[in-house]
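>>> Provided below for reference: sequence and predicted model.
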Amino acid sequence: MAVKCSFAAMEGCELHAIRYAGDEQNNEENISRLNSVVEGGEFTQAAKFLMDFHTDTDLKGSLNPDFDYTNYQWWLARTEDSYWEIVSKGY
């Protein structure tokens with residue numbers, strides 16, 4: 001079952017699947033890379049999600065209109081006692 005995305009970053013997209021990439025993505029290499037993306041980053045945990053979705057034909061922005069995306073990456077990070085935040089997305 002496809003679902004229309006309702007959060008701002010994916011508005012105008014039809015979600016087909018979202019998958020957690022696995023605990024093995026929470027490693028020192030990925031945490032270090034995410035810390036380098038955010039000025040002053042001090043993250044201690046990382047999580048990767050993969051999404052499959054289709055964009056609307058009249059979509060505006062950086063995504064291609066009327067296009068199927070597969071394995072589109074979303075990287076989230078946090079410190080031990082903080083909330084998860086989106087740090088990086090795309091291929």
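Happy to help now that I have it.

>>> out of everything not next to it in sequence, what's closest to the most centrally placed residue in the chain?
For the chain, the residue nearest the mean C-alpha position is Trp74 (1.6 Å; C-alpha atoms, centre = their mean). Using C-beta to C-beta, 6 or more residues apart in numbering and skipping residues adjacent in sequence, the residue nearest Trp74 is Phe49, 4.5 Å away. The way it works is simple: take the backbone N, C-alpha and C, and place the C-beta from them, glycine included.

>>> can you mark which positions in the host helix or strand of the one you found are buried?
If you go by DSSP states H and E, Phe49 is part of strand 45-55. Neighbour counts over strand 45-55 (16 or more other C-beta atoms under 10 Å) mark Ala46, Ala47, Lys48, Phe49, Met51, Asp52, Phe53, Thr55 as buried.

>>> follow-up on the earlier one: now the residue nearest to the centre of the chain: how far from Leu15?
In this structure, Trp74 and Leu15 are 12 Å apart, going by C-beta to C-beta, to the nearest Å.

>>> lowest-confidence one in the buried residues of strand 45-55?
Across the buried residues of strand 45-55, the member with the lowest pLDDT is Thr55, scoring 91.

>>> bridged to that one, which residues?
Cys13 (DSSP bridges).

>>> returning to that earlier point: shared neighbours of Trp74 and Leu15, anything?
Common neighbours of Trp74 and Leu15 (criterion: C-beta atoms under 8 Å, 6 or more residues apart in numbering): Met51.
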